[in-house]
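A.B. asks: Pasting a predicted model and its sequence here:
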Amino acid sequence: MPRGGAFLVQTIAGRIRNLPLIKSFATEKKEEEKGVAAAGELYKANVQFQYIQGVLVSYLFVTEAVGIVAAVIWGSMLLRNGEITLEAWLAFFLFVPMVNNVLRQFSALWTSVKELQGRAARMSGIMDAPQEEQNSSAPADIPAGDVAFRDVHFGYGESGEVLSGLSFTIPRGKATATVGVSGSGKTTILKLLERLYSPTSGSIQVGGKEIAGLNLHSWRDSISYVTQDAAVFSGTVRECLTYGLPRQFGDGELMEAAKLAGIDGYIAQQPGGLDAPLAIWGSGMSGGQRQRLVIARELLKGADILLLDEPTSALDAEAAAAVSDTFYTRFHGRTIVTVTHELNFIAGADKIIVLNQGKVEGQGSHEELMKSCESYRKLVEEQSYQEVFA
């Protein structure tokens, strides 16, 4: 188990953020025991450090005392035998503490050097971490056209391939839904499109050009990305809605987007409205409220490509249907790629891609897949598709 203050801080921070989960599973006692264990590890580490320090100080004290006693006895014997003068004996006696003082300083310096070596190793690991290729010299213009995956392979480290030879086209200006069982690689596709990762082999193209050769900032600026965890920073509602956006927005524009996302009622109820403060991670809001706030932000951004990773996972069925209608209406004529299990999103998609264990099992319209893809048919039937595709 890792030792030290950093591990204790990590343990406490993780538990504080997930207090509702801990309470819902009634695991307070177990988490308390883990906290005590983490504090115990820190205590043991500090005790070990103090023990080493104590041994070192004791060693220096003993050697200094032994040196002084030895100097007195040996010097007295030499002085009695007339082998040295009194002045020489006094000089030697005074020289012993000087030597011990040098040794003490050297030991303190050695401790500091070893501590700095550990810090330097950690800093070196951070500095040597690979950096993103910005392609800052590439043109800022992003080519228009379809997004195409060409024999794309990808894996996370040594865990094996997540995607194996994916080849499909996401038509420009259309809505494409990616479906499949958990772990089939759906979210990984969005991360590759965002260039958070690069394919192990194969290529991803837009308008016939590889996205790896595009200006990274411009490429990401052309994308809106709504994730499952609904990232919300502390600050105000206004700051959250306009985070990362290049221009100023009036209150009317902000409230219009909030209304489309269904978060306007919450904002109106807050003291200060748009300038109401938000707690860190948006902890004062429900999951659905955070999701709606993020959706409103992406509506304001209005990017050419919209990536949706289970955007309605924190919403009830009625709210999910309203949000899906908002996306398809508001972003009509733009490229939408959604990872979802919700049939509301699947129903509005122009194209559906079915993944299974990192491979394309089927692609086409709903009607085509119902006839040709058994796994898709089972997915739809399990969710009472008649209510959606009536």
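C.D. replies: Cool, got the structure. Quick caveat: nothing in here was measured; it's all calculated off a predicted structure.

A.B. asks: Kindly list the longest helix within the protein.
C.D. replies: In the chain, taking DSSP state H as the definition, the longest helix is helix 28-80.

A.B. asks: Could you list every helix and strand that the next helix or strand after that helix packs against?
C.D. replies: Sequence-wise, the next helix or strand downstream of helix 28-80 (DSSP states H and E) is helix 86-127. On a contact count with 3 or more CB pairs under 8 Å, 6 or more residues apart in numbering; DSSP states H and E, helix 86-127 meets helix 28-80. Every residue, glycine included, has its C-beta placed from N, CA and C.

A.B. asks: just to revisit the earlier point, the longest helix of the chain vs helix 86-127, what angle?
C.D. replies: In terms of direction (axes from the mean of the first three to the mean of the last three CA atoms, to 10 degrees), helix 28-80 departs from helix 86-127 by 150 degrees.

A.B. asks: to the chain's geometric centre, what's the distance from helix 28-80?
C.D. replies: Remark: helix 28-80 is offset 41 Å from the chain centroid, using CA atoms, centre = their mean, to the nearest Å.

A.B. asks: How about stretch 168-186?
C.D. replies: 23 Å.

A.B. asks: Only C-alpha atoms, please: export that stretch in PDB.
C.D. replies: Extracted in PDB, the C-alpha atoms of stretch 168-186 (Å, rounded to 0.1, in the frame of the first residue of the first chain):
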ATOM      1  CA  PHE A 168     -16.900   3.200 -41.200                       C
ATOM      2  CA  THR A 169     -18.000   6.700 -42.300                       C
ATOM      3  CA  ILE A 170     -19.800   9.300 -40.300                       C
ATOM      4  CA  PRO A 171     -21.700  11.400 -42.800                       C
ATOM      5  CA  ARG A 172     -21.300  15.200 -42.600                       C
ATOM      6  CA  GLY A 173     -24.400  17.100 -41.400                       C
ATOM      7  CA  LYS A 174     -26.100  13.900 -40.200                       C
ATOM      8  CA  ALA A 175     -26.700  12.200 -36.900                       C
ATOM      9  CA  THR A 176     -24.800   9.000 -36.200                       C
ATOM     10  CA  ALA A 177     -25.500   6.800 -33.200                       C
ATOM     11  CA  THR A 178     -23.000   4.300 -31.900                       C
ATOM     12  CA  VAL A 179     -24.500   1.400 -29.900                       C
ATOM     13  CA  GLY A 180     -23.400  -1.800 -28.300                       C
ATOM     14  CA  VAL A 181     -22.800  -3.500 -25.000                       C
ATOM     15  CA  SER A 182     -20.600  -2.000 -22.400                       C
ATOM     16  CA  GLY A 183     -16.900  -2.400 -23.100                       C
ATOM     17  CA  SER A 184     -17.400  -2.600 -26.900                       C
ATOM     18  CA  GLY A 185     -15.300   0.600 -27.500                       C
ATOM     19  CA  LYS A 186     -18.000   3.200 -28.000                       C
END
